[in-house]
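Colleague: Okay, sequence plus prediction incoming.
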Amino acid sequence: MDSYDIVVIGGGPAGMAAAVAAREEGVEKILLIERDRELGGILQQCIHNGFGLHHFKEDLTGPEFSERYIRRMEELEIPCKLDTTVLEITAGREILYINAREGVTKISAGAIILAMGCRERSRGAVNIPGSRPAGVFTAGTAQRLINMEGYMVGRRIMMLGTGDIGLIMARRLTLEGAKVIAVLARKPYPGGLMRNVAQCLYDYDIPLMLRHTIVAIQGKDRVTGVLVADTDENSRPIPGSERLYECDTVILSVGLIPENELSLSAGVQLDPHTGGPVVDEFRQTSVAGIFACGNVVHVHDLVDFVVEESEIAGRGAAGFVLGRGEAEGAETSGTPIDLLPGEGLKYVVPQRMRGFNGEERLDLFLRVSRVYGRSAIEVRHDGDTVKRLKRLRMNPGEMERVRLNRSAIEKLTGSNLIVEAVEVDG
Amino acid sequence: MSEVAIIGAGIIGTLIARELSRFKLEVALLESSNDVANGSTKANSGIIHAGYDAEPGSAKARFNVLGNPLFDRLCEQLDVRLNRIGSLVVAFSPSERRTVEQLYNRGIHNGVGDLQIIEREQLLSIEPNLDESAQCALLAPQAGIIDPWEIAVAAAENAADNGVEIRLNFPVQAIERDNGCYRITSPNGQIRAQQVINCAGVFADRIHQMVAPPTFTITPRKGQYFVLDKTAGALVNHVIFQCPTELGKGVLVTRSVHGNLLVGPDSVEIEDREDLATTQDRLEFVRRSAGKVSKNIPFSQVIRSFSGLRATPNTKDFIIEECGEAPGFIDVAGIESPGLTAAPAIAHYVRDLLSRTRGALEERGDFNPDRRPAIRFMDLPEQRKNELIRKDPRFGRIICRCESVTEGEIVDAIHRNVGATTLDGVKKRVRPGMGRCQGGFCGPQVLEILARELKKNPTEIVKNEVDSYILTGPTKCGGEKDRPEGIGSMVEQKAAYHG
Amino acid sequence: MSGIDREIICIVCPTGCRIQVSGPDTEHLEVSGNECKRGEEYALKEITDPRRTLITTVQIDHGTLRRLPVRTNREIPKQSIFPCMEVINRVRVEAPVEVGQVLVADILGTGADVVATRSMARDGAGGLPTADTRSRAG
């Protein structure tokens, strides 16, 4: 059985950035496994710009961003297995994979980095009743068909969901000649960035219908229309408000779910708030030697943050296999501290702190559970405020980052850190 | 000209076709839609019932009890998965105990063996997730679960292997007497047959009325279901029934043969025989009703909901007889629950009805009852997997990540007799699209594989029926070279962004 | 002639400030609601000369995919977007292609080139030229 120092599962920006970081730390035998025919992950179909503003200080498209990493992988001679699917991983860090050239093969790793990304929520998962005709697509599937395979999915589109991917696809469909009749949001505010509402909807005169949802799909063989209803203050459809909109296509952009089947096969503990593994500041999961980064941990907005997080995981895994101690998972300075999402927070990553990772700062990534105006994020320990970050506005569609300095937290032991959002007057 | 034409390729039609293919008969199986098993067979609970539920003395009771034990051998020959997990009819209140006892007695009367009534303690030990109001239950160990479309497709394939002609997209519009036989007409052609077997499900009364005055009517009764992720499958170990009412067996909770959890159906008479829409209010009813069975059903794990129609006869029992006014025309109508369980026994009976009219049927020497084994790649031992990949590297490419289905299996499903030609056809046969992503990831790949293997343009591949197009055409109006004639509308595309 | 009074959503950074631009004519405009200078510049340009980056795909023959993603390498006037799409839709490129390669120079006189945003190998070479060929052999 072949063995590697580090095996990375997933060749999108998370996996590539982690592999590159591990190699830069001096790890020799690294292998990256990717199920698609080429590297790049979801970036290959995200042909729009806005990537890399922080990381490269340039405004790149998804493919341009991913090509930078593909080149770096090549420079560093990090081997990849493409068109290869991992079937199973174990807590003992054995990996079972399959491809056409080698068949079913088992390998072992000193450390594993999980970077499998996420999948889209389907129509069934959001329970839109009605008939089940052709012409209902999730936004990502439509994106792949249009941008990579080169096929149009419809002519007259109704879209449910105003996250960034939906907004981007509304523009894309329009540019390729379709008519996007309307984009609906159940809530009174859009899920994605206002700049995307402006450059994708307003620019193309695509109506944005807030506080509406699709309550039924019609059509025998192909979509012929949808019933649209108003929603109430709980985002539930208001009976009696249904109106028919004729269309031939429904695009759903109703959420992303981290893809953790493999994580579960190794017994990795998941956080129900994120849908991804519970990780510490090195991005190590509850299973020693198994690390995770990118959308598989929590769904990101910016690939720049994905890369940052993945570099942490790459360095963490490198520390683990090179025996540098901090990431060993053993007790370091005091007992591990749990980071808990408190009032107003949907989640915080990382969820645990084992001991300071030798860096000057620890970044917390979080999402709030509702819209905030003038507010602050507070990090508290035993009633004391360890860090307070003022914000002009916050919403669940934008991940926030809170920097904790070494001096602020290196002496903390036991108990938990609670992260909360608070409204601020004035 | 055929000797026997069977109208309807659901579980009844396909099993009859297979049974008749044992004999020296020219058999044609006619199906209105674009694939076999596209009607009620595709959308039911998939249960092999024990037989205590049907009215004693009825055809339902008789064929249920005859049919149940036939499934082991049938599934072995057709290589179809069957799991006899047993069923429990649970009394959730003291007054329901009487119903359980009545069903027990009825079962004995119908000839169902091995029935027992178990009490609360034993019941909760074998089904810990049942609601605590559970009192007792009727346990029927011979009840089982199966994929109803899988067995129908397998039966059709085996029938075709043995010489049955299968005509899809053949919606019967008229049947006329012509020189001692029947001429059956559809917009896509016509066929002549000496004898006709009417297995047209929800439309059986209309087919009957093409040759004779009405002797029965069929009313469609819709049932809606939830399918939950495989992580929910272990919630129950048996098929769990609530006590039946006049509406039927009620909302049940069961694991499916693949490990998903199935919850449903409700029961509502409708008028439109093509209305398969799920509805908010009825799905909520199913949810509430299932809540009586268990408080632990994880509805956040729903991956899909669907509905199916039962062909409910006004006679309240199966109608399996030669039509008095039309010699050689056999009705097999009103096959609602326990139709699936009864199907193999019905097929034998129809064979006997035919031989009464035609005289003894002569067996073919070369009938092969065994379908070529299905390739279930992930179930194979590792050595076999690697042998298969060496022979055909397409088995080394996983296309459906959720269900771990390889390209090799998809290609095989396309090229068998009665092979898949549509996205749903691939889904029925080898499962891509049945998993938690519901085809979001594998859909485009399955579409490309279908196009490649069938030598079609990807824009010609449909989801299910011929009008269920998926792609409207290539992007870029200038892409004329890729677009076959008539598909998509470049004029409309241009107008859309100029207008 | 009535004056100008518009609300613009700035797209320069993720904040998306709502900026009010008003005045009797384009020479005398007042801007408010922006949190930075870039926003002010953007808002003024939106009134006088709105521009966008155009992102789309072109047909590519003998590549590993049927479409190649492209962008304009600088912003083009908003009203040129659909006319440029018509030009780009008629482009057919032959693989291999390098990232940054110019496919249409100075499209419709806008001063912007349409460039490839990825490299694409010729089909048969299997994927991007940077994949490790050792582990892909046999």
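Modeller: Structure received.
Colleague: Please make it C-alpha for all contacts and neighbour counts, starting now.
Modeller: Noted.
Colleague: Helix or strand with the lowest mean pLDDT in the chain?
Modeller: In the absence of a named chain, this looks at chain A. In chain A, the helix or strand scored least confidently by mean pLDDT, DSSP states H and E is helix A:406-409, which has a mean of 77.
Colleague: my question was about chain B
Modeller: Least confident element among the helices and strands of chain B, by mean pLDDT, DSSP H and E: helix B:490-498 (a mean of 35).
Colleague: Helix or strand next in line after the least confident helix or strand of chain A, which one?
Modeller: strand A:416-423 (DSSP states H and E).
Colleague: Excluding sequence neighbours, find me the nearest residue to the spatially most central residue of chain C.
Modeller: For chain C, the residue nearest the mean C-alpha position is residue C:53 (2.4 Å; C-alpha atoms, centre = their mean). With sequence-adjacent residues excluded and distances taken as C-alpha to C-alpha, 6 or more residues apart in numbering or on different chains, residue C:53 is closest to residue C:75, at 4.4 Å.
Colleague: Surely the one you found touches residue C:113?
Modeller: No. Here residue C:75 does not reach residue C:113: they are 9.7 Å apart, not a contact under C-alpha atoms under 8 Å.
Colleague: Residue B:50 sits in which helix or strand?
Modeller: Here residue B:50 sits in a region with no helix or strand, counting by DSSP H and E.
Colleague: Surely it touches residue B:139?
Modeller: No. Assessed by C-alpha under 8 Å, residue B:50 is found out of contact with residue B:139, at 9.7 Å.
Colleague: how about residue B:76, secondary structure?
Modeller: helix (DSSP: H, G, I helix; E, B strand; the rest coil).
Colleague: Need the pLDDT of the closest residue to residue B:134 other than its chain neighbours.
Modeller: Excluding the flanking residues, the one nearest residue B:134 by C-alpha to C-alpha, 6+ apart is residue B:92, at 4.3 Å. pLDDT recorded at residue B:92 is 96.
Colleague: Give me the neighbour count for residue B:92.
Modeller: 20 (other C-alpha atoms under 10 Å in any protein chain shown).
Colleague: Quick one: residues contacting it.
Modeller: Applying C-alpha atoms under 8 Å, 6 or more residues apart in numbering or on different chains to residue B:92 gives the contacts B:131, B:133-136, B:242, B:292-293.
Colleague: Can you turn the buried subset of those residues into a selection I can paste into ChimeraX?
Modeller: Listed next is the ChimeraX selection for buried residues among the contacts of residue B:92, using 16 or more other C-alpha atoms under 10 Å in any protein chain shown:
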select /B:131,134,135,136,242,292,293
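Colleague: May I have stretch B:186-199 exported as PDB, CA atoms only?
Modeller: Listed next in PDB are the C-alpha coordinates belonging to stretch B:186-199 (Å, rounded to 0.1, in the frame of the first residue of the first chain):
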ATOM      1  CA  SER B 186     -52.200   5.100 -32.000                       C
ATOM      2  CA  PRO B 187     -50.800   8.300 -33.600                       C
ATOM      3  CA  ASN B 188     -47.500   6.500 -34.000                       C
ATOM      4  CA  GLY B 189     -48.700   3.400 -35.800                       C
ATOM      5  CA  GLN B 190     -51.100   0.500 -35.500                       C
ATOM      6  CA  ILE B 191     -50.900  -3.100 -34.700                       C
ATOM      7  CA  ARG B 192     -53.200  -6.100 -35.100                       C
ATOM      8  CA  ALA B 193     -53.600  -8.800 -32.500                       C
ATOM      9  CA  GLN B 194     -55.800 -11.800 -32.000                       C
ATOM     10  CA  GLN B 195     -56.100 -11.200 -28.300                       C
ATOM     11  CA  VAL B 196     -55.700  -8.000 -26.300                       C
ATOM     12  CA  ILE B 197     -54.900  -7.800 -22.600                       C
ATOM     13  CA  ASN B 198     -56.000  -4.500 -21.000                       C
ATOM     14  CA  CYS B 199     -53.500  -3.500 -18.300                       C
END
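Colleague: tally of neighbours for residue B:226?
Modeller: 23.
Colleague: bridging residues for it?
Modeller: Per DSSP bridges, the residues bridged to residue B:226 are residue B:263, residue B:305.
Colleague: Might one say that it is in contact with residue B:266?
Modeller: No. Counting by C-alpha under 8 Å, no contact exists between residue B:226 and residue B:266, whose distance comes to 10.8 Å.
Colleague: related to what we said a few turns ago, ok, residue C:75 and residue C:113, which is more surrounded?
Modeller: residue C:113 (23 against 16).
Colleague: thought the more buried one was touching residue C:105?
Modeller: Yes. In this structure, residue C:113 is within contact of residue C:105 by C-alpha under 8 Å, at 4.5 Å.
Colleague: among the contacts of residue B:92, which are in helices?
Modeller: Residues of the contacts of residue B:92 located in helices (DSSP state H): B:292-293.
Colleague: which residues does residue A:279 contact?
Modeller: Per C-alpha under 8 Å, 6+ apart, neighbours of residue A:279: A:285-286, A:291-292, A:349-352.
Colleague: Equivalent analysis for residue B:205, please.
Modeller: Residues in contact with residue B:205 (C-alpha under 8 Å, 6+ apart) are B:214, B:216-218, B:333.
Colleague: can you rerun that using 7 Å?
Modeller: By C-alpha atoms under 7 Å, 6 or more residues apart in numbering or on different chains, the residues touching residue B:205 are B:216-218.
Colleague: Next: residue B:28.
Modeller: By C-alpha under 7 Å, 6+ apart, the contact set of residue B:28 is B:2, B:4-6, B:164-166.
Colleague: quick one: which of these is nearest residue A:195?
Modeller: residue B:166 (56.7 Å; C-alpha to C-alpha).
Colleague: Where does that closest one sit: helix, strand or coil?
Modeller: Quick answer, by three-state DSSP: residue B:166 is strand.
Colleague: Who is it paired with across the strands?
Modeller: With DSSP bridges as the rule, residue B:166 is bridged to residue B:29.
Colleague: what about it, distance to residue B:8?
Modeller: 10 Å (C-alpha to C-alpha, to the nearest Å).
Colleague: Common neighbours of the two, please.
Modeller: When contacts are counted by C-alpha under 7 Å, 6+ apart, the set common to residue B:166 and residue B:8 consists of residue B:30.
Colleague: Between these two, which has more neighbouring residues?
Modeller: Shown here are residue B:166 and residue B:8; by other C-alpha under 10 Å, residue B:8 has more neighbours (29 against 24).
Colleague: I figured residue B:408 hits residue B:391, correct?
Modeller: No. Under the criterion of C-alpha atoms under 7 Å, residue B:408 is not in contact with residue B:391, lying 10.5 Å apart.
Colleague: Looking at these two, which one has more neighbours?
Modeller: Of the pair residue B:408 and residue B:391, residue B:408 is the one with more neighbours under other C-alpha under 10 Å, namely 20 against 9.
Colleague: For the strand or helix carrying the more buried one, which outside residues touch it?
Modeller: According to DSSP H and E, residue B:408 maps onto helix B:407-415. Contacts of helix B:407-415 with the rest of the structure, by C-alpha under 7 Å, 6+ apart, involve B:375, B:394-395, B:397-399, B:419-421, B:426, B:429-430.
Colleague: ok, 10 Å please
Modeller: Outside helix B:407-415, the residues within contact range by C-alpha atoms under 10 Å, 6 or more residues apart in numbering or on different chains are B:374-377, B:388-389, B:392-400, B:419-422, B:425-432, B:445-446, B:449-450, B:452-454.
Colleague: so where do the helices sit in chain B?
Modeller: B:11-20, B:59-67, B:71-78, B:96-110, B:120-126, B:148-161, B:204-208, B:280-293, B:339-358, B:382-391, B:407-415, B:423-430, B:443-454, B:490-498.
Colleague: Tell me which of these is the most buried.
Modeller: helix B:11-20 (a mean of 28; mean count of other C-alpha atoms under 10 Å in any protein chain shown).
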